[in-house]
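>>> Next comes the sequence, and after it the predicted model I'd like to discuss.
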Amino acid sequence: MFTILKPSRKIIEAFLTNARHLDISYAEAGATSGRIPDGYTIDHNRVKLGSGSQTFRKSVAAVRSWKMFELGWVQLFPPHTSITAGETVAVLIRHLGFWSLNACRIVYVIDEQHRFGFAYGTLLEHAEQGEERFSVEWEREGDSVFYDILAFSKPRQWQARVARPVSRMLQKRFARDSLLAMKHAVDERDQRPERVYT
């Protein structure tokens, strides 16, 4: 959904109510946990957040609180959605003089001793189609904690195909700002994000 004016809370709530009944818009749900399907653009970015168990606990709390979405130009609705498979969220983005509102659903959750996160996938109303995984991992060998974003996507609607360069710019900006938001949330010494290409 694209609008010139920022959607009101009432409009966003109605959008979410409708989105909860929509299907995932791609066939490969859960693929960020294994082999990425062909035909998609892949983005893989990560940053070291620090080291040790305290950093890992703070990182998990930050993901549970969706801190990686506190970017100033992106808003999540509802803002305190539980990290639970099946939950649906709306992502409101301000860009280039207009607003876009898209819905995604959490398709799986990772809750392991040294790894936590989730992936959400696009729903039928979304301009793009694909999946994005947000995770934190405590690598015991080396005692390092990393925040990792893995995504695959491609345009679904004609508007997204026409505006693909803009979409790619926004996807890259989101990844960069999300890494920095997690660094800020965990409050360790600033480190340069390490981009991983796959």
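Done, it's in.
>>> ok, residue 25 - contacts?
121-124, 126, 129, 156 (Cβ atoms under 8 Å, 6 or more residues apart in numbering). Backbone N, C-alpha and C define where each C-beta goes, glycine included.
>>> next one: residue 15
Shown in contact with residue 15 (Cβ under 8 Å, 6+ apart): 1, 7, 90, 101, 103, 125.
>>> Pull up the gap between it and residue 62, please.
26 Å (Cβ to Cβ, to the nearest Å).
>>> Then residue 37?
29 Å.
>>> neighbour count winner among these two?
Taking neighbours as other Cβ atoms under 10 Å, residue 37 and residue 62 compare with residue 62 leading, 22 against 15.
>>> and the more buried one, what does it touch?
With Cβ under 8 Å, 6+ apart, residue 62 has these contacts: 68, 136, 182, 185-186.
>>> so it sits in a helix?
Yes. Residue 62 forms part of a helix when assessed by DSSP: H, G, I helix; E, B strand; the rest coil.
>>> biggest helix in the chain, by residue count?
helix 164-186 (DSSP state H).
>>> can you list contacts of that helix?
By Cβ under 8 Å, 6+ apart, helix 164-186 touches 41, 43, 45-47, 49-50, 55, 58-59, 62-63, 65, 67-74, 93, 95-96, 127-128, 134, 136, 145, 147, 149, 151, 153, 155, 160, 190-191, 193.
>>> List only buried entries from the residues you listed.
Neighbour-count burial (16 or more other Cβ atoms under 10 Å) applied to the contacts of helix 164-186 gives 43, 45-47, 49-50, 55, 58-59, 62-63, 67-71, 74, 93, 127-128, 134, 136, 145, 147, 149, 151, 153, 155, 160, 193.
>>> quick one: which of those residues sit in helices?
Checking those against DSSP H, those in helices are 55, 58-59, 62-63, 160.
>>> that older thread, so which of the contacts of residue 62 comes closest to residue 22?
Closest to residue 22 out of these is residue 68 (23.8 Å), distances taken as Cβ to Cβ.
>>> And the pLDDT for residue 198?
We have a pLDDT of 41 for residue 198.
>>> Can you name the residues bridging to residue 150?
Residues in a beta bridge with residue 150, per DSSP bridges, are residue 44, residue 133.
>>> ok, it touching residue 32?
Yes. Using Cβ atoms under 8 Å, residue 150 is in contact with residue 32, at 5.2 Å.
>>> Spit out the residues that contact the two alike.
132-133.
>>> Output the lowest mean pLDDT helix or strand found in the chain.
Lowest on mean pLDDT, DSSP states H and E among the helices and strands of the chain sits strand 194-195, with a mean of 52.
>>> what about residue 182, neighbour count?
Around residue 182 there are 26 residues (other Cβ under 10 Å).
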